[in-house]
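> Whatever this is, show me its structure:
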Amino acid sequence: MNEWPDWITQLPQITSAFPAEGYLLAGDHGQLVFWQFRAETVVPTHQHGPQMGIVVAGHIELHTDTTRTLAAGEMFTLADQQPHAATVAANTLVLEVFADADRYRPTETAGRP
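Numbering: from 1, shown residues only. Here you go, the predicted model:
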């Protein structure tokens with residue numbers, strides 16, 4: 001199982017519309033989310049401000065105007081308000097950087113089993 005180290009899982013946790021664990025680093029100029037997908041997950045089509053992501057482990061299928069499969073070490077970028085969706089494999093870790101400083105709000109302190 002791919003997992004983030006303990007010091008990442010101690011970051012504030014966020015809640016999302018899909019079943020994944022997200023750990024948040026936030027500042028005035030944007031946000032960084034450490035995602036952990038334990039099960040295969042379908043992320044429905046949505047849009048927001050500019051975003052980039054890096055697959056750390058596992059793989060995702062990113063659906064925009066085309067579909068790309070991204071493996072560990074590969075990066076993607078999304079333009080402002082670009083509609084996108086994804087199918088994320090089980091045991092996948094993804095880092096996502098959002099230009100929006102308020103994309104996610106912490107919901108609780110992480111670090112629980």
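
> Pull out the buried positions in the strand or helix carrying V55.
Per DSSP states H and E, V55 falls inside strand 51-57. Across strand 51-57, burial judged by 16 or more other C-beta atoms under 10 Å covers 51, 53, 55-57. Every residue, glycine included, has its C-beta placed from N, CA and C.

> Closest one of these to F76?
Checking these against F76 with C-beta to C-beta, the nearest one is G53 at 5.3 Å.

> Find me the pLDDT at the closest one, would you?
Note for G53: predicted pLDDT of 98.

> Name whatever forms a beta bridge with it.
F76, E96 (DSSP bridges).

> Verify the contact between it and V97 for me.
Yes - the pair G53 / V97 is scored as a contact, 7.2 Å apart, by C-beta atoms under 8 Å.

> Give the intersection of the neighbour lists for the two.
Common contacts of G53 and V97, defined by C-beta atoms under 8 Å, 6 or more residues apart in numbering, are absent altogether.

> hang on, the earlier thing: who are the packing partners of the next helix or strand after the strand holding V55?
Proceeding N to C from strand 51-57, the next assigned helix or strand is strand 59-63, under DSSP H and E. Strand 59-63 makes packing contacts with strand 67-71, strand 84-88, strand 92-98 when contacts are defined by 3 or more C-beta pairs under 8 Å, 6 or more residues apart in numbering; DSSP states H and E.

> Any regions of the protein where pLDDT drops low?
Where the chain drops to pLDDT under 70, the residues are 108-113.
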